[in-house]
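K.L.:
Below are the sequence and a predicted model; questions follow.
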Amino acid sequence: MRGRGGAAALISRTASLAAVVVLIGALPWLSGSSPEYTILRARYADREPTPEVLAQIRAELGLDRGPLGVFTDWVSGILAGDLGTSWISGHPVLPGVVQALGVSMTLMGAALVVALVLAALLCLPAVRAGLDGRPARGAGTAAAALTALPEFLLAAVLLVVVAVGLGWLPPYGWRGPEHVVLPALALGIPAGGLIGRLAGTALAGAFTEPWVQTWAVAGHPRTRIAAAVTRRALPGVAGQIGLVVIGLTGGAVAVEEVFAVPGLGRSLLGAAAAQDLPTLQAGTLVLLVLATVCGALAVTAQRVLLGPAARTGHLPVPRPPVVPRPRWWAVPAASAAALAALVLTGLLRDPYSSAHDRLQAPSPALPLGADAAGRDVLARVGHGAVDTLGLALLVAAACLVIGLAVGLTGRWSTGPVEVTNAAPPIIAGILVVAVAGPSAVGAALAVTAVSWAPLAAHTAALAAEISGRPYVRVLPLLGVGRARVLFGTVLPSLLPELSRHAVLRLPGIALALAALGFLGLGHQPPTPEWGLLLAEGIGYVERAPWTVLGPASALVLAAVLAVSLSSVESAPRPGLPQGPVPATPASSR
């Protein structure tokens, strides 16, 4: 059975990777656009779009060979080290992609250093408590607060406060080490908060294992015990930390756009807008390969850290570090109440009327001021919740259905889950824009396409756990069919836990939709969607900061709600099967 399951996982991985390659290779045909018009405008602006000229351009591109011929040429070029020729510049794509990748790798490396240093600092209280023999909850409230900051929002705040307001660092460009600091902080702080939460919780659990007390009684130095506990704790979160690193590829797109960093993410965004599909194909393929390598390195690190224990199965099971307490609900309750008050107050006002002065300051009659068009910011934030959170609810429901269907296939879900986890929502959004153009539906499809994977993994874990229970294993021996076991026993047992997981992902999905709106890949004006509101107000933030205060507050409250809920809900409960629970809204990126 084990060998059969391994073969299923291998076939699943191979088929999923092949499907991704085919999808990327088919972009010129999936887009439904006429590339000859794009090239004509970019290269030959002085020529008329006559049928003869358009036919000549199609022949130059080889598009007259049909989809199969173009796809074959593309794959052959990749194998030969040729990623194609830009439709806009007419130059080979590879040099530009390599140069942009170098910038993005530098930025991601600096962000990872920030994240690891911050995570180490956040884990110190858990380590100190464990060495003193005291129970610890994990990394605590500080990590949750840092995790709740979306990268694109933090980037905008750092740009306005540190670069523009204080003038300490340059706001734009990529010309020296000083240009790396703010983008690295914008990427690294949320990632460090998440890694700190994951590692802190794992460390707190590892300190409860019996061998730790034995070592302490035997007189082992505290530093040696701390090192051993760290090695014991890291394998359990190595895979999730790998996903955090993968998530940097998606977060880098928004950060590079805010700070005008000439990295691969910004290059992809420009390629999608210009319909330069060869550049988009090459950059997407490179990012997916990079994400796959990061995932493989995380798995390798996990195996190295476990050593022989991974093969023998001689691993102790840690007890829950701390039992949830009622006061832990204070933060999610407060953030939910504040968010509800903000939204309900705004829903009573008109979001489209330009009855106020342009950029009018806040007043009792206009609590959050007016935007550049004289519209009530509070009203637009309130009504934007319908667009942002309402669409997020539909996406969460779709992810629940897809995750349930895929997860119940068992090992066959391995490939789709791993490949989907390697594609952050922003990258998926860029691809959807290339195919269908920017729209709310496109943003929803992009987030759905990559957000079902954690639910599928959770479904597979719960189904395996439930199927292994003695009373379930005996049912086939009593003549109960497989379908009846599945729909009569397994599904009713896992649906409550899986539904709770899907609800916890709702604020994170809303943040992913807002990020796409901020980049212009989702809702379009004049829709009052939160990410779009932030993008519209960011240009006036120096003289009218209230234009971004409302949407920024709503986004932060949604993020705090998601993180604080996951912190409480991820604690084990008696009688419930345990599976992976979303650690942060960043898991939707």
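P.N.:
Received it, and whenever you're ready, just let me know what you need. Residues are numbered from 1 along each chain as shown.
K.L.:
make it CA atoms for all contacts and neighbour counts henceforth
P.N.:
Noted.
K.L.:
so residue 530 touches residue 549, yeah?
P.N.:
No: assessed by C-alpha atoms under 8 Å, residue 530 is found out of contact with residue 549, at 11.0 Å.
K.L.:
Which of the two has more residues huddled nearby?
P.N.:
It is residue 530, of residue 530 and residue 549, that has more neighbours when counted by other C-alpha atoms under 10 Å, with 34 against 20.
K.L.:
check contacts around that one.
P.N.:
381, 384-385, 388, 514, 517, 551-552, 554-555 (C-alpha atoms under 8 Å, 6 or more residues apart in numbering).
K.L.:
Which one of these sits in the busiest neighbourhood?
P.N.:
Counting by other C-alpha under 10 Å, top hit in the contacts of residue 530: residue 514 with 32 neighbours.
K.L.:
where do the strands sit along the stretch 151-300 of the chain?
P.N.:
Along the stretch 151-300 of the chain, no segments are classed as strands by DSSP state E, counting those that start in this stretch.
K.L.:
ranges for the helices of it?
P.N.:
For the stretch 151-300 of the chain, the helices defined by DSSP state H, counting those that start in this stretch occupy 151-158, 181-206, 210-217, 222-258, 264-274, 277-306.
K.L.:
right, and those helices - which one's nearest residue 25?
P.N.:
For those, distance to residue 25 was read as C-alpha to C-alpha. The smallest value, 7.0 Å, belongs to helix 277-306.
K.L.:
Excluding chain neighbours, what is closest to residue 119?
P.N.:
Take residue 119 and drop its neighbours on the chain: the residue closest to it by C-alpha to C-alpha, 6 or more residues apart in numbering is residue 196, 4.0 Å away.
K.L.:
and the gap between that neighbour and residue 242?
P.N.:
Distance from residue 196 to residue 242, counting by C-alpha to C-alpha, to the nearest Å: 13 Å.
K.L.:
more crowded one of the two?
P.N.:
residue 196 (31 against 22).
K.L.:
Identify the residues contacting residue 113.
P.N.:
Contacts of residue 113 (C-alpha under 8 Å, 6+ apart): residue 188.
K.L.:
Check which helix or strand it maps to.
P.N.:
helix 93-131 (DSSP states H and E).
K.L.:
Work out for me the element residue 353 sits within.
P.N.:
If you go by DSSP H and E, residue 353 is not part of any helix or strand.
K.L.:
Now do the phi/psi pair for it.
P.N.:
When read as degrees, to the nearest 10, the backbone of residue 353 gives phi -70, psi 130.
K.L.:
any idea how far the spatially closest residue to it that is not a sequence neighbour is from residue 356?
P.N.:
Excluding its sequence neighbours, the residue lying closest to residue 353 (C-alpha to C-alpha, 6+ apart) is residue 375, at 5.7 Å. According to C-alpha to C-alpha, residue 375 stands 6 Å off from residue 356.
K.L.:
More neighbours: which of these two?
P.N.:
A count of neighbours by other C-alpha under 10 Å puts residue 375 above the other of residue 375 and residue 356, at 23 against 17.
K.L.:
remind me which residues of the stretch 151-300 of the chain are low pLDDT?
P.N.:
Along the stretch 151-300 of the chain, the parts satisfying pLDDT under 70 run over 236, 239, 243, 250, 295, 299.
K.L.:
dump the residue contacts of the nearest residue in space to residue 530 that is not next to it in sequence.
P.N.:
What sits nearest to residue 530 in space, not counting adjacent residues and going by C-alpha to C-alpha, 6+ apart, is residue 551, at 5.3 Å. Counting by C-alpha under 8 Å, 6+ apart, residue 551 touches 381, 530-531, 533-534.
K.L.:
Residue 414: which of those is nearest?
P.N.:
In terms of C-alpha to C-alpha, no member of those lies closer to residue 414 than residue 531, at 32.9 Å.
K.L.:
Tell me which residues touch the closest one, please.
P.N.:
513-519, 551.
K.L.:
Rebuild those residues as CSV, extending it with secondary structure.
P.N.:
Shown next, in CSV, are these (DSSP: H, G, I helix; E, B strand; the rest coil):
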residue, secondary structure
513, helix
514, helix
515, helix
516, helix
517, helix
518, helix
519, coil
551, helix
